[in-house]
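[1] structure for this input, please:
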Amino acid sequence: NGQYPENWDQSEYLRDVSVVPLGTGDTMTWWLQNQINKSNGSTGNPAEITIPAKGDINSTINVPAGKYVKLTGETLTRSADFSSAPLFSVNGALTLENITLDGNKANAAEGGLVEVDGGKLTLTTGAVLQNSKGSAVRVCNGGSVIMNDGKISGNEASAGGGVYVFNYLGETGGTFTMNGGEISGNTAEAGSGVYITQSSTFYLHKGVIKGNAAPENVSSGGWDGIINVELRPGSNSNTRSIFDTPVPMAASFGVTIPSSPDSWGGGVYNMGTFTMDGGEISDNTAGRGGAIYHADGTCSITGGTISGNQNTFSGTGLYAREDFSIGGSAKITDGIYLVTGKKALVTSALSNSIQIEGMEGTPTDGTVVAAGSDHTISDADFEKFSIKDTTWTLEKNTGSQICLKAPASQQSSAKQITAFTIANQVGDTIID
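    Next up is the predicted model:
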């Protein structure tokens, strides 16, 4: 029970001994925090701590700045009575290898698994972050996550079921780099796999983001998926996040999270910087943007594959509310969906085909859908583009931009593309 035997001379016999935990959350939590506190690892040689038996965690384990720790071993599970905080808070450096963190979402309240607050988290072979009510990984305040292998799966949140890269109010954001592994089977109304807020960054070099989807019980409401403000716990607020709503926001920060009949970004929801030069985004599902919902910020796709994703409203592959960059070997077998006036910025010669699946708003004859960015769109690039509505065509104008060309009978009236789906959002005009 974590107690010294009665009448033992502790100074002589137990000078360097810790009681190995085998049961309660109190014991496991105390033991692990103690091992971290007394560790003497370094950047290139972290202190390795092996979890000897399965155990519960009943309060946040802290990895302080200046500590370099590698955890391996048995599964660590959130206690049913532990809520509203992550299992681990990382200000130093933590590596997870051949170990499972389990959020126990069927029995425990929301809290997430790891919050990287200015520190560094590395996921390697056999690292599994699963079953959490709350994002599995949250990274902020200049913190970074490097995922070389492992799996983030079966987690749920309002935004960023698997990964939430964000910034607290007045602070810098976080960075997540994916070099391998899998983010799969997570659920959220926005960014089921990954959510990236303003001032934050996600790099997809290798690995797979797949099989993420909106929860089945998404209800009616008005949230558009955008999170404007994230407040540190302990501030004058009863909520951590402030979400965009179609009505004026209350003067205080105590805003109830609205629900929605829709969902955004089955694989990725981006408001910050999303860069994809490899890897795969596949078999994800959302109302808008089955693979990626690009709401704001910078989105660059120059490699990797986007395929097999699904939507229930619009944007099978990429739903772009802002300009996005594309080039090189990027392979998008799913369609792209553009807000009228936004376009693809071609940064280099294209290797693969791109189909415009639809547009939000009222596009007209001459509406630009693609333009060069430090690259002149060639005839070969132009031939890579197609449009789903075959009553319209694409042409390259004198500025080497790709634009819509209406049939002659429609040009005088600037009739919209009738086969396109018009987004049903607050403030949109619905046109049959």
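[2] lowest-pLDDT helix or strand in the chain?
    strand 241-243 (a mean of 43; mean pLDDT, DSSP states H and E).
[3] partners of the helix or strand just after that strand, with directions?
    As assigned by DSSP states H and E, the chain's next helix or strand after strand 241-243 is strand 268-270. Within its sheet, strand 268-270 is paired with strand 194-196 (parallel), strand 292-294 (parallel), according to DSSP bridges.
[4] make TSV from those and add mean pLDDT, mean neighbour count and distance to residue 113 to it.
    (Each C-beta comes from the backbone N, C-alpha and C, glycine too.) Shown next, in TSV, are the strands paired with strand 268-270 (pLDDT from 0 to 100; neighbours: other C-beta atoms under 10 Å; distance: least, C-beta to C-beta, whole Å):
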stretch	mean pLDDT	mean neighbour count	distance to residue 113
strand 194-196	97	32	15
strand 292-294	96	31	24
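[5] quick one, which of those strands is nearest to residue 131?
    strand 194-196 (18.0 Å; C-beta to C-beta).
[6] contacts for the closest one?
    Residues outside strand 194-196 that contact it (C-beta atoms under 8 Å, 6 or more residues apart in numbering): 135, 159-160, 162-166, 176, 183, 188, 202, 209, 227, 265, 267-274, 297.
[7] mind putting the strands paired with strand 268-270 into JSON lines with distance to residue 402?
    JSON lines is the format used below for these (distance: least, C-beta to C-beta, whole Å):
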{"stretch": "strand 194-196", "distance to residue 402": "28"}
{"stretch": "strand 292-294", "distance to residue 402": "19"}
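[8] the contacts of strand 194-196 in strands, which ones?
    Counting by DSSP state E, those place 163-165, 176, 183, 202, 209, 227, 268-270, 273-274 in strands.
[9] so which of the strands paired with strand 268-270 gets nearest residue 347?
    strand 292-294 (15.4 Å).
[10] roughly how far is the closest one from the heart of the chain?
    Put simply, strand 292-294 sits 10 Å off its chain's centre (C-alpha atoms, centre = their mean, to the nearest Å).
[11] now, which of the ones in strands among the contacts of strand 194-196 sits nearest residue 74?
    residue 183 (23.5 Å).
[12] about what we covered before: for the ones in strands among the contacts of strand 194-196, which one is nearest residue 364?
    Among those, residue 270 lies closest to residue 364 (C-beta to C-beta), at 27.7 Å.
[13] list the buried ones in the lengthiest helix in the chain?
    Longest helix of the chain, by residue count under DSSP state H: helix 25-37. Neighbour counts over helix 25-37 (16 or more other C-beta atoms under 10 Å) mark 25, 27, 28, 29, 30, 31, 32, 33, 35, 36 as buried.
[14] which parts of this protein are helices?
    Ranges of helices within the chain are 10-13, 25-37, 379-384, 408-411, based on DSSP H.
[15] ok now the longest one, how far from the chain's centre?
    So that's helix 25-37. That offset, for helix 25-37, works out to 30 Å (C-alpha atoms, centre = their mean).
[16] what does stretch 263-272 give?
    7 Å.
[17] what distance separates the start and the end of that stretch?
    Taking C-alpha to C-alpha, to the nearest Å as the measure, stretch 263-272 stretches 18 Å from start to finish.
[18] and if you look at stretch 85-96?
    End-to-end for stretch 85-96, by C-alpha to C-alpha: 19 Å.
[19] try stretch 318-337
    OK, stretch 318-337 end separation, C-alpha to C-alpha: 6 Å.
[20] tell me which residues of it are tucked away?
    Buried residues in stretch 318-337 (16+ other C-beta under 10 Å): 318-328, 330-337.
[21] so where is the stretch 101-250 of the chain shaky, pLDDT-wise?
    216-225, 228-229, 231, 233-250 (pLDDT under 70).
[22] can you give me the strands in it?
    114-117, 120-123, 127-130, 137-140, 144-147, 151-153, 163-165, 175-184, 194-196, 201-210, 227-230, 241-243 (DSSP state E, counting those that start in this stretch).
[23] parallel or antiparallel, which strands does the second one pair with?
    In other words, strand 120-123. Short version: by DSSP bridges, strand 120-123 pairs with strand 93-96 (parallel), strand 144-147 (parallel).
[24] centre of the chain to it, how far?
    16 Å.
[25] select, out of the strands paired with strand 268-270, the one closest to residue 404.
    That would be strand 292-294 among the strands paired with strand 268-270, by C-beta to C-beta, at 20.2 Å.
[26] which residues touch that closest one?
    Residues contacting strand 292-294 (C-beta under 8 Å, 6+ apart): 190-191, 225, 264-265, 267-270, 274, 281, 286, 299, 306, 315, 317-322, 324.
[27] still on that earlier bit, could the strands of the stretch 101-250 of the chain go into a markdown table alongside distance to residue 392?
    Shown next, in a markdown table, are the strands of the stretch 101-250 of the chain (distance: least, C-beta to C-beta, whole Å):
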| stretch | distance to residue 392 |
| --- | --- |
| strand 114-117 | 47 |
| strand 120-123 | 46 |
| strand 127-130 | 46 |
| strand 137-140 | 43 |
| strand 144-147 | 42 |
| strand 151-153 | 41 |
| strand 163-165 | 38 |
| strand 175-184 | 36 |
| strand 194-196 | 33 |
| strand 201-210 | 32 |
| strand 227-230 | 36 |
| strand 241-243 | 36 |
